[in-house]
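Student: Got a predicted structure here, sequence first:
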Amino acid sequence: MLTLTHFLVLAGLLMSIGLAGIFINRKNIIILLMCVELILLAVNLNFIAFSHYLGNVEGQIFVFFILTVAAAEAAIGLAILVVLFRRRQSINVDELDSLKG
Amino acid sequence: MENNLVEQDMSIYLAIVLAPLMGAIIAGVFGRYISRTMAHQVTIVGVAISAALSLLVFKHFALEDMTTINETIYTWMVSDGLHLEVGFLIDKLTAMMMVVVTFVSLMVHIYTIGYMHDDSGYKRFFSYISLFTFSMLMLIMANNFVQLFFGWEAVGLVSYLLIGFWYTRETAIYANLKAFIVNRVGDFGFILGIALVAMTFNSLDYQDVFAASTLHTESTIALFPGTHWSTITVICLLLFIGAMAKSAQAPLHVWLPDSMEGPTPISALIHAATMVTAGIFMVARMSPLFELSPVALNFILLIGAVTAFFMGLLGIVQNDIKRVIAYSTLSQLGYMTVALGASAYAASIFHLMTHAFFKALLFLAAGSVIIAMHHEQDIRKMGGIRHYMPITWITFLLGTLALIGTPGFAGFFSKDSIIMAVHASQLPGANIAYLAILLGVFITAFYSFRLYFLVFHGQPRMDHHTKADLHETPKVVTVPLILLAIPSVLIGALFVADMVFGDFFGAAIMVLPEHDVLATLAKDYHGIIAMVLHSFKSLPFWLMLAGIMSAWYLYMVNPSLPEKLSQRLLIIHKVLLNKYYFDDINSTVFAGGARQLGTFLSRFGDTQVIDGWFVNGSAKLVAWFSSIIRHIQSGYLYHYAFAMMLGLATLLVLLLTTVISH
Amino acid sequence: MTEAIIFYLFSTVAVVSALMMISVRNPVRAAFYLVLSFFASAIIWLLLQAEFLAIVLVLVYVGAVMVLFLFVVMMLDLNIVEKESGFTRYFPIGIMLAAITFFSIYYVLGQKESGMDVFQSQPLSTAASHVEGYSNTKELGKLLYSEYVYAFEIAAMLLLVAIVAAISLTYRRRPKTRHQNPDLQVSARHEDRIRIVKIPVEERK
């Protein structure tokens, strides 16, 4: 029998993979962004699982807004990447240290 | 019935106060839009309204015996039951002061047209003197300490502005700064006194305070822990410190001679007739408080005696026409103060009034001479002027006779009353004070006639150019002189019976029966004629005559003698020339000390502690801290991500341990 | 039983493709693995009866966002030669952190003290089963357009701002290109175009 725990463990697993991905691919900024998307997916899964468990649709409303924000974030993030690349001919994270104190 | 109507109507008093203020505002703020003529017209009309209404009020009080008016017009604020208000207390004392102030002020306004004719600050000057009239009226008409303090400070401000009227002269700037600082010392005491009044009586209204004053005769205050001081005495002494600065009593007198840097009309109005008498007026007004403190009265008596005698001496060695009269003013203020100390408030106020007229007259006449001499003030360069300026000569002579107390003149009645009152006083210091003011009569006569002879008699000593141009001054100058000469001669005889020996002031002045020296004297008073006749048999008259004769001998008969005398008495002469070294002591001990303290505080306190430790120190601390913390800020994205994740993991583990521990 | 099979199958797909995504070097491949992971998740969402969101996930994420990723990757002309640099150095730490995170979540879920052990014993849905003709989309829509209408509009504004921001960030004005200016074209008058010059008549010599 499937229980809520199954879904929650799956979500935890996905999120941990996303976290690990951020470490492993610390040089590649595009994959970093993808990892963030993966983490968001895990969060959304949690919301939907609880929404189903409690029989309350409002959790799904939340997911809806998260998707919206994530889409906007991805669009702007990628736009910034494009501008960055245009200016420096590189998106190598090692070279992006202008914020150094 | 008519009296009641007038009593109800406060607008007349408001008009008296506000008319000069309007004039001052129009001439001052809108000065650039109006002509010079317009400026003096508008201010003179303002003061004339004030003077006319004051006369009316005086008539109500003096002839129709109106009852005292005490009303609040406006409440500024109420703080913890303490009312700060604007209000008028009008009684006979106030009414008399109002007449003196507005009348002298009006004369000075008119006189100024002539004196300041060629000055570029003409409109500014008119604005200032009208503002002064307003401030002085606020001071004397106040019914509470706050308004008194307002007027007190406002007249001080105008005095400051007018001493420094010719602000391009360095000496004028020095003089007004000096006046301001010395008055600050007095005002500090004054406001402390007011604060103590507020603390003790929880009210600043005269009536409340006076009514409650007898309840506090036994109360004490601990100025230093463990000591007990009579509250009333402390209040009186503090208030009198304010009066000492304002009325130029030793040792806070040093500003008054220097204030002669201002234009002469101002010397007449502010530094002789009205403002400097504010201290005298204040003490008389506070008589219900001062009467309760014999210690304060004795202090006042001695200060007054010292001032009257020693400041008179200084008048002998001065060569500036205005400074001689300034020292005479100091000495006469000393007389008034002595009378206050002897509880002869009425005599003091009476002398204040007569002095206002004849001293204003002397100053304005001196100013007339100065105009004719093309602003030369050194009496060694004058002489024989009586032939050229008859009106000035006669009026000056009348003023001088009034000043030295020639029997029959105004000054005689007031000054003789004071001398007799002090003689009758039972206070411990009364004997010394009596001696001092008795000798003061001789000195007064001596320096007054020295001045008179040097200026108006003898050989002309001015240069040819000035001499050729010497002539009587215009009517705007001489008419005020004549108008002032009339009260200088007559006013003493007219009012002495009522003011000094009668019960003119009534409830305005409170004297305890055991202090009431004037009541003792009143028993021996048998009319003006008798008083004049009696004086010929008394000591003051012969001292005065001796003063005149010695001045005549030294400066008319044998003019070379003063030089030899000053050689012989070199040390005394030097001490007198240096004004007892008061200025030197002040500038080295007080000013120099304050400056050194300031330098020390600036170097150590400000530069090192505040700037070095607090201001720059905190900045340096932040810089040091951030220079360490900045190493965390690598700029690499993955470092920040790492930090976030580490934080997340830490939080999760923390959550876990709390869950487990449950 | 069928549900369990579907769950295990697609969650395996999602987890494995997520693992692949973080381990491949090539961003294009990573993007495709992520797409696969999204697809699997969408099916799991279907299991949870969130039909509308499952479709949205596929349409918006797979159809738009991931395509955007691919576009950018191709546009940027990335140099994927420097592969191995730094991969191994942070690998253990990353794995460790992820493991700590996962196991603490896992532990909490099974604990009695946290009150989450009830999730294991209860059936997936505690609510009554839906009636005939129930529509997840309709229910969501009702809520969105009534109770959450302000948030919905704000979200719309957010998207608009994102569009404007993305365009204005990436828009490049090329000074050398020639283009028309309709404004100038419309306001032009014939006096500006033709100049009539009077030439004095000269006699032929």
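Tutor: Nice, I can see it.
Student: A:Met15 touches A:Leu40, doesn't it?
Tutor: No: using Cβ atoms under 8 Å, A:Met15 is not in contact with A:Leu40, being 9.3 Å away. Bear in mind the C-beta positions are built from the backbone N, C-alpha and C, glycine included.
Student: Comparing these two, which residue is more hemmed in?
Tutor: Comparing A:Met15 with A:Leu40 by other Cβ atoms under 10 Å in any protein chain shown, the one with more neighbours is A:Met15, at 24 against 21.
Student: what's the distance between stretch B:642-657 and the middle of its chain?
Tutor: On the basis of Cα atoms, centre = their mean, to the nearest Å, the separation between the geometric centre of stretch B:642-657 and that of its chain is 79 Å.
Student: helix/strand/coil for B:Glu71?
Tutor: Reducing the assignment at B:Glu71 to three states with DSSP: H, G, I helix; E, B strand; the rest coil gives strand.
Student: Can you give me the distance of it to B:His457?
Tutor: 54 Å (Cβ to Cβ, to the nearest Å).
Student: ok, these two, which is more surrounded?
Tutor: Neighbours of B:Glu71 and B:His457, each counted by other Cβ under 10 Å, are more numerous for B:His457; the result is 18 against 14.
Student: Report the contact partners of the more buried one.
Tutor: For B:His457, the contacting residues are B:Gly383, B:Gly384, B:Arg386, B:Met556, taking Cβ atoms under 8 Å, 6 or more residues apart in numbering or on different chains as the criterion.
Student: Now the phi/psi pair for it, please.
Tutor: Dihedral pair for B:His457: phi -120, psi -180, per degrees, to the nearest 10.
Student: again with the one 3 residues further on
Tutor: Listed backbone geometry of B:Pro460 is phi -60, psi 130, with angles given as degrees, to the nearest 10.
Student: That one is in contact with B:Lys467, isn't it?
Tutor: Yes: counting by Cβ under 8 Å, B:Pro460 touches B:Lys467, with 5.8 Å between them.
Student: Just the element for B:Phe88, please.
Tutor: The secondary structure element spanning B:Phe88 is strand B:82-90 (assigned by DSSP states H and E).
Student: Buried ones among the contacts of B:His457?
Tutor: Buried residues within the contacts of B:His457, defined by neighbour count using 16 or more other Cβ atoms under 10 Å in any protein chain shown: B:Gly383, B:Gly384, B:Arg386.
Student: so what pLDDT did residue 96 get?
Tutor: In the absence of a named chain, chain A is used. pLDDT, A:Leu96: 75.
Student: You answered for a different chain; I wanted chain B.
Tutor: B:Met96 is assigned a predicted lDDT (pLDDT) of 90.
Student: For it, the count of nearby residues, please.
Tutor: In terms of burial, B:Met96 registers 26 neighbours under the definition other Cβ under 10 Å.
Student: helices or strands up against the helix or strand it falls within?
Tutor: Taking DSSP H and E as the definition, B:Met96 sits inside helix B:92-115. Counting by 3 or more Cβ pairs under 8 Å, 6 or more residues apart in numbering or on different chains; DSSP states H and E, the packing neighbours recorded for helix B:92-115 are helix B:11-29, helix B:36-62, helix B:122-141, helix B:264-268, helix B:278-285, helix B:345-372, helix B:475-496.
Student: cutoff 6 Å now
Tutor: When contacts are defined as 3 or more Cβ pairs under 6 Å, 6 or more residues apart in numbering or on different chains; DSSP states H and E, helix B:92-115 packs onto helix B:36-62, helix B:122-141, helix B:264-268, helix B:345-372, helix B:475-496.
Student: And the shortest one, how far out from the chain middle?
Tutor: So that's helix B:264-268. The chain centre lies 13 Å from the centre of helix B:264-268; the measure is Cα atoms, centre = their mean.
Student: Same check on the second one?
Tutor: What separates the centre of helix B:122-141 from the centre of its chain is 14 Å, taken as Cα atoms, centre = their mean.
Student: So what angle separates the directions of it and helix B:92-115?
Tutor: Angle, helix B:122-141 to helix B:92-115, by axes from the mean of the first three to the mean of the last three Cα atoms, to 10 degrees: 170 degrees.
Student: The helix ranked longest in chain A near chain C at all?
Tutor: Ranked by residue count under DSSP state H, the longest helix found in chain A is helix A:58-88. Yes: contact between helix A:58-88 and chain C is present through A:60-61, A:63, A:65, A:68, A:71-72, A:74-76, A:78-79, A:82-83, A:85 (criterion: Cβ under 6 Å from any Cβ of the partner chain).
Student: I am finished for the moment; much appreciated.
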